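Chemist: This is a predicted model, with the sequence first.
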Amino acid sequence: MKIRITALAVLLILAAWGGLHLISQKTSSALQPGQTVLSVYTTGQATTPQMPLWKALADGTLKFTPDTHYWKNLDDLRGLLLAGKGDIWVGHVDGFAQAAMRGAPIQLVSVTGWKKFYLLSSRPRIRTFTDIRNLPEGTEIASTPPHSPGVAVLRALEKYGLPSFAYAPHEPKQLSLKVMQGKADLLLMPEPLVTVLLHKAPHLRVVASVEEEYGNLTGKPAMLPIAGIAVNTETLRHHPGLAETLEKALTAEEAPLLKNPTAGLNAMPEAFGEFIPRPLALASLKRDIVRVRSARESKEMILEYLNMLFPGRTTSTSGMLPETFFGAR
Amino acid sequence: MRGIPVFFSLSLAVSLWWGCSLSFGTMLVPSPFEVAQELARMATQPETWLTLAITVARGAAGLLAAMACALILGIAAGSSATAMRLLTPLVAALQSCPPILWITLLMVWAGTGSIVPMAVVFATVFPPLFANIAQGCLALDRRLFDMARLYRIPRRKILHKITLPGLTPYLLAGLSYAAAASWKVTAVAEFLGSSSGIGAQIFWSYRMLEIPRLFAWAGIVIGLGVTLELTVIAPLRASSEAFTGKIREEA
């Protein structure tokens, strides 16, 4: 009886502690007098798309205190966007657009991730993209993360002669494990995961950049508006100049980051090191590009990219993707 | 003597686990020793206890809210046979909704966070609690209510002296099921729809492929489930059976 009462008391104390923590967490996220606290939802597995944001915060160009939260995967991000939870989001442009088409309160501020996807292999006969093009239809390519936009881009390149491959989606670490066990040898993945995996499996090599091959096959610039930074339009009602301030601050960070990308990495919160060790994140920058363009400026490229991802569903003229998504009032 | 079943079950589980670890390799199935080390390390970290506290708080909040609503609505519905007949298909429909459906919808409506696990626990345990309480209310001896009305007993006293004591075995039976389910449902809802709590930690361990940590969290989930079973659920079940027996004897 004594043990039962003790165990029950411990459970009650735990419940009270947890409840108080959740309540205090909620109130500390709210606006506090004298300082602006904005919740930033991001992922620890992205580098270049969020470097301008953290650098601008570290430089003091952006004058708000970030309350950082991590989204777990693209489904989690989609849920947050649809529910309008958060003030600033770092994520995939396609995810932002999908949520905006369903009425989520999103305004894309800047596109900050332009070159991400790589094809890797450990097969001795696969050295170049031509070798990949010569593979038979239905060859399995292990891809990560699940629902990777890289797959949609490669599917779109099928009309330019790329064979129709079978893309097998994996969680990043699940794929790493398969590679190390020798169960996957032809991969499609984004940076900085490419660098992480090359470090763990030196027998792998980068065969081609998806964006480069997209440029070669289509004759368009070898970059795609993959990731960016968006704001909650509800937040903009309380902070009317936030989108413009953010856009200006992020754009201003491009030149210093091109000169010294390490400064961008150093500005990122230490907790990011738990997802990707800092030396590996630094090494990944040689394959990544720092480029910041406003959503308005990138509109045509974004629409073209989205048409590739969701064929026939995204033209802003049809009203599917609202003009406010690009910052129109 | 009382500890023999626990010792036997534990030894069997650990032996099987060790066997799997040896067969599949420690990369996929870490040894019990590795997991014990990880557990010991985690036990010294306040974050582990806070994570546990968050999950317990969410589960308890969902369960308490469901119990309060089930009591109010169950007594109201159970007081009338017609109301019960009309509501039974709706309750059956709600009972057949899998938690995953609520999780998905709540992630769209409320985003990820504490609301998802709490609301999913509520949605999962409310229908059986409601059905139990309403059925219990319907089964109460109507003659007691007629007599109370005849002697003009106040409604509050009727509730306190006739309805609630009569409902106790049904409430306890429902609660024993709800307490066991709420704990598991909270962990699943956190896995999918929250970035904190034990479920979320299991997700991150899986995502980062930290297998010993994943097993350690699994151990915590099982440990807490067993604690709940022994301290809350089993006594509730025993009380419910004792109460029913007492009523039968009195009858």
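Modeler: That came through, no problem. Numbering: from 1, shown residues only, chains lettered A, B, ... in the order given.

Chemist: Can you name the residues of the stretch 151-251 of chain B sitting close to chain A?
Modeler: B:192-193, B:195, B:200, B:203-204, B:206-209, B:227-228, B:230-232, B:235 (Cβ under 8 Å from any Cβ of the partner chain). Where C-beta positions appear, they are placed from N, C-alpha and C, glycine not excepted.

Chemist: These: which two are farthest apart?
Modeler: Spanning the widest gap among those are B:Leu209 and B:Pro235, at 39.8 Å by Cβ to Cβ.

Chemist: Return the set of buried residues in the helix or strand containing B:Val14.
Modeler: For B:Val14, the element it lies in under DSSP states H and E is helix B:4-24. For helix B:4-24, a neighbour-count test (16 or more other Cβ atoms under 10 Å in any protein chain shown) marks B:17, B:21 as buried.

Chemist: packing partners for that helix?
Modeler: Contacts defined by 3 or more Cβ pairs under 8 Å, 6 or more residues apart in numbering or on different chains; DSSP states H and E place helix B:4-24 against helix B:32-43.

Chemist: and the helix ranked longest in chain B, is it in reach of chain A?
Modeler: In chain B, assigned by DSSP state H, the helix with the most residues is helix B:46-78. Yes: on the criterion Cβ under 8 Å from any Cβ, helix B:46-78 is in touch with chain A at B:49-50, B:52-58, B:60-61.

Chemist: Give the buried residues for the helix or strand following that helix.
Modeler: Heading C-terminal from helix B:46-78, the first helix or strand you meet, by DSSP H and E, is helix B:81-95. The neighbour-count check on helix B:81-95 (16+ other Cβ under 10 Å) flags B:84, B:87, B:91, B:94 as buried.

Chemist: Nearest to A:Leu198 among these?
Modeler: Closest to A:Leu198, out of all of these and judged by Cβ to Cβ, is B:Leu94, at 51.2 Å.

Chemist: distance of the residue nearest to the closest one when sequence neighbours are not counted from B:Ile233?
Modeler: Once flanking residues are discounted, B:Leu94 sits nearest to B:Pro127: 4.3 Å by Cβ to Cβ, 6 or more residues apart in numbering or on different chains. Shown here: B:Pro127 relative to B:Ile233, a distance of 19 Å by Cβ to Cβ, to the nearest Å.

Chemist: and the closest residue to chain B within the stretch 151-300 of chain A, how many residues sit next to it?
Modeler: In the stretch 151-300 of chain A, the residue that lies nearest chain B is A:Lys173 (3.7 Å; Cβ to the nearest Cβ). By the criterion of other Cβ atoms under 10 Å in any protein chain shown, A:Lys173 has 17 neighbours.

Chemist: surely it meets B:Ser205?
Modeler: No: shown here, A:Lys173 and B:Ser205 do not form a contact pair, counting by Cβ atoms under 8 Å, at 9.9 Å.

Chemist: where does the chain dip in pLDDT?
Modeler: Since you didn't name a chain, this refers to chain A. A:1, A:26-34, A:312-319, A:328-329 (pLDDT under 70).

Chemist: I was after chain B.
Modeler: B:1-2, B:240-241, B:243-251.

Chemist: and the gap between the residue nearest the centre of chain A and A:Thr245?
Modeler: Here the mean C-alpha position of chain A is nearest to the C-alpha of A:Gly91 (Cα atoms, centre = their mean), at a distance of 4.0 Å. The spacing between A:Gly91 and A:Thr245, counted by Cβ to Cβ, is 20 Å.
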